[in-house]
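# Okay, predicted coordinates and the sequence, questions at the end:
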Amino acid sequence: MKIETKTRRFSSPLYLESGRILEPYEIVYETYGRINEDKSNVVLICHALSGSHHAAGTYEGDRKPGWWDGLIGDGKAIDTRKFYVISTNVIGSCFGSTGPMSANYPSEAPYRLQFPVVTIKDMIRAQMQLLSDLGIYHLRAIVGGSMGGMQALQFAVDYPNLADDIIAMAATYATQPWTIAFNKVAVEAIRRDPRFESGNYAKDAFIEEGLDGLAIGRIAGHISYLSPDSMDDKFGRNYVSNDGLFELFGRYEVERYMEYNTTNFSKIFDPLSYLYIVKAINTFNLARGYETLYDAVLRIKARMHLISFKGDYLFFPREMEHIYKMMQRNKQSCHYTEVGSDYGHDAFLVELKRFEGLIAGILK
């Protein structure tokens, strides 16, 4: 599989939903496979909150492959022998595209809290600019899960003629209070951490030790990404063998898991980017800019494929099913599958065998 990582810089303004302008800005993206002569084999991948453009393959020296490596590659469900796959990093991220720690042109100083709030709609507008710059005006498919699924849905509504198929997984038509409440834990933990310094921390300040506020907030995130059944299966009531049961800070295995994963995460993810991307997730509403959700959904022309997961406690299956029922009433092309998984929200990242056949079938 041929992998290339590239950066595109845009000097033309990006007009944001807030009324502000982002200018100039950069988008980092990765490509897999080869584009055919008429550019009809392009599949766009949209990433979730903690993801990046690195969706598949392994960089030299890396221990872990891209976050959807099991799904994208030669002979896999998204077959790079047939398709030219583009995976972009959203604006606001800390993995290369313009975000809050990028230089606030013409100054060399970072934007920090002067960076404008961006929405899912803004993210896909920036990606549309990238596609146009690459001379790509039609896509074979758009695929994404969680926040990536939000982007896929927004593409379907705002650019109805762009793609043949839209595959949105583990997403929603509008972020609900339950999810916003989970996100609030992370937001407040970051803001109240003294080392956050109201966003005025030094660049790369947390590479060695991480930021406690982000690590604590990420624990709440991890709880929402899993499910009670998956935690029972993974950890049970097992206690860390070298911790005393009657030590005050002795830990169960589930506690050690949370500590390890969230501390490491806080060393690689910028806290300001986390705040901005969580804001984009919280403000997601497919109906915004249209009279009603019905009017927004009625614009969709692509073949829609909605996939939810039974054990998802972040975006409940009924939220995706709501879109399906609306499209069904409108006699629009839409297929809905609730995957019987007890893993939780993160099933779209880890239980690929449960749905990779669905995606391969759609792309045939």
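Sure thing, it's come through.
# show me where the stretch 151-300 of the chain has strands.
163-169 (DSSP state E, counting those that start in this stretch).
# Show me the helices in it, by range?
177-191, 212-225, 228-235, 253-268, 271-282, 293-298 (DSSP state H, counting those that start in this stretch).
# quick one: average confidence on the first one?
This points to helix 177-191. The predicted model assigns helix 177-191 a mean pLDDT of 97.
# what angle separates that helix from helix 253-268?
Relative orientation of helix 177-191 and helix 253-268, computed by axes from the mean of the first three to the mean of the last three CA atoms, to 10 degrees: 60 degrees.
# Does anything pack onto helix 177-191? Which helices or strands?
helix 212-225, helix 271-282 (3 or more CB pairs under 8 Å, 6 or more residues apart in numbering; DSSP states H and E). Backbone N, C-alpha and C define where each C-beta goes, glycine included.
# Of those, which is nearest V90?
V90 lies closest to helix 271-282 among these, at 7.4 Å (CB to CB).
# The most centrally placed residue in the chain: which element?
Taking CA atoms, centre = their mean, the centroid of the chain lies closest to A48, which sits 1.0 Å from it. Per DSSP states H and E: A48 is located in neither a helix nor a strand.
# quick one on the thing from earlier: of all the helices and strands packed on helix 177-191, which one comes closest to V118?
helix 271-282 (5.7 Å).
# now the angle between helix 253-268 and that closest one, please.
110 degrees.
# Residues contacting helix 271-282, please?
With contact meaning CB atoms under 8 Å, 6 or more residues apart in numbering, helix 271-282 is reached by 49, 90, 92-94, 99-101, 112-113, 115, 117-120, 122-123, 147, 150, 175, 179-180, 183, 186-187, 190-191, 196, 199, 201, 206, 211, 213-214, 217.
# try stretch 148-159
In contact with stretch 148-159 (CB under 8 Å, 6+ apart) are residues 44-48, 51, 90, 120-121, 123-124, 127-128, 142-144, 162-163, 166-173, 281, 284, 286, 290, 296-297, 299-300, 302, 304, 323, 348.
# let's go with 6 Å and repeat that
Residues outside stretch 148-159 that contact it (CB atoms under 6 Å, 6 or more residues apart in numbering): 46-48, 120-121, 124, 142, 144, 166, 168-171, 284, 286, 296, 299-300, 302.
# For the stretch 151-300 of the chain, give me the ranges with low pLDDT.
Regions of the stretch 151-300 of the chain meeting the criterion pLDDT under 70 are absent.
# if we go to 90?
Residue ranges of the stretch 151-300 of the chain with pLDDT under 90: 203-204.
# Averaged pLDDT, stretch 54-68. What do you get?
Here the average pLDDT along stretch 54-68 is 90.
# in it, what counts as buried?
H54, A55, A56, G57, P65, G66, W67, W68 (16 or more other CB atoms under 10 Å).
# Ok, stretch 32-49 next?
So stretch 32-49, judged by 16+ other CB under 10 Å, has buried residues Y32, G33, I35, N41, V42, V43, L44, I45, C46, H47, A48, L49.
# could you redo these as TSV and give each row distance to G357 and secondary structure?
Listed next are these as TSV, based on distance: CB to CB, whole Å; DSSP: H, G, I helix; E, B strand; the rest coil:
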residue	distance to G357	secondary structure
Y32	20	strand
G33	20	coil
I35	26	coil
N41	20	coil
V42	22	strand
V43	17	strand
L44	21	strand
I45	18	strand
C46	21	strand
H47	22	coil
A48	22	coil
L49	26	coil
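# quick check, T7 in a strand?
Yes: looking at T7 with DSSP: H, G, I helix; E, B strand; the rest coil, it is inside a strand.
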